[in-house]
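Asks: Test case, fold it:
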Amino acid sequence: MPWNIPILLTWLRVLLIPVFTVLFYLPGEWVSIQTVNWIAAAIFATAAVTDWFDGFLARLWKQTSDFGAFLDPVADKLMVAVALLLLVSLNRTYVIFAMIIIGREITISALREWMAQMGRRSSVAVATIGKLKTAAQMVAILLLLIGLEDFHGLNLITIGNVLMFVASVLTIWSMFYYLKMAWKEFN
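Replies: Residues are numbered from 1 along each chain as shown. As a prediction, the model looks like this:
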């Protein structure tokens with residue numbers, strides 16, 4: 001396994017997941033829920049930024065590796081899945097959004113693995129629709145983690161759930177896009 005800054009940033013994201021999770025289970029007398037919300041949002045934002053940054057550095061410094069290509073999406077999907085489950089348990093978002101997003105991630109990860117085994121992984125490489133889905137999803141989760149109903153006159157939970165709806169639509173759309181690309185490889 002190679003050790004370099006991009007891999008270390010990816011490992012940092014993996015290690016932040018239990019810290020992120022434990023925050024929500026700390027006793028209320030230790031830390032207020034709003035402090036937990038802000039810290040969790042900061043951790044999630046850090047994970048999102050390091051996700052972009054580790055890929056950028058790996059390409060810039062030509063430090064890409066098979067292990068990094070494996071670990072990076074695993075770290076991302078775990079952080080998103082944990083965040084969604086916590087948000088559902090806090091009644092800040094809807095189960096259907098979590099089901100759609102987590103279900104798509106499992107489906108597309110399996111599809112990419114299958115295509116890679118057949119030497120056709122590039123046919124299901126990340127597309128613009130997937131990047132738009134990720135952007136909407138990350139902003140939505142961040143707003144929902146902050147969890148304020150009145151932030152300078154804005155209801156972040158409502159805005160977050162509107163973005164979760166958008167992310168869910170883009171999630172379904174991108175899943176069908178990737179399935180269509182894979183189908184073309186078989187015809």
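
Asks: alpha carbons only for contacts and neighbour counts from here, please
Replies: Fine.

Asks: Show me the longest helix that occurs in the protein.
Replies: Determined from DSSP state H, the single longest helix within the chain is helix 156-186.

Asks: Return the set of buried residues in the host helix or strand of V82.
Replies: Secondary structure assignment for V82, by DSSP states H and E: helix 66-89. Using 16 or more other Cα atoms under 10 Å as the test for burial, helix 66-89 gives 68, 72, 74-77, 79-88.

Asks: about what we covered before: buried residues in the longest helix of the chain, which are they?
Replies: Neighbour-count burial for helix 156-186, with 16+ other Cα under 10 Å as criterion, is recorded at 156-161, 163-171, 174-175, 177-179, 182.

Asks: same deal with stretch 93-108?
Replies: For stretch 93-108, burial by neighbour count (16+ other Cα under 10 Å) applies to T93, Y94, F97, A98, I101, I102, G103, R104, E105, I108.

Asks: would JSON lines of those residues with pLDDT, distance to L8 and secondary structure be doable?
Replies: Shown next, in JSON lines, are the buried residues of stretch 93-108 (pLDDT from 0 to 100; distance: Cα to Cα, whole Å; DSSP: H, G, I helix; E, B strand; the rest coil):
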{"residue": "T93", "pLDDT": "98", "distance to L8": "32", "secondary structure": "coil"}
{"residue": "Y94", "pLDDT": "98", "distance to L8": "34", "secondary structure": "coil"}
{"residue": "F97", "pLDDT": "98", "distance to L8": "31", "secondary structure": "helix"}
{"residue": "A98", "pLDDT": "97", "distance to L8": "28", "secondary structure": "helix"}
{"residue": "I101", "pLDDT": "96", "distance to L8": "27", "secondary structure": "helix"}
{"residue": "I102", "pLDDT": "96", "distance to L8": "25", "secondary structure": "helix"}
{"residue": "G103", "pLDDT": "95", "distance to L8": "28", "secondary structure": "helix"}
{"residue": "R104", "pLDDT": "92", "distance to L8": "27", "secondary structure": "helix"}
{"residue": "E105", "pLDDT": "90", "distance to L8": "23", "secondary structure": "helix"}
{"residue": "I108", "pLDDT": "86", "distance to L8": "25", "secondary structure": "helix"}
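
Asks: No further questions, thank you.
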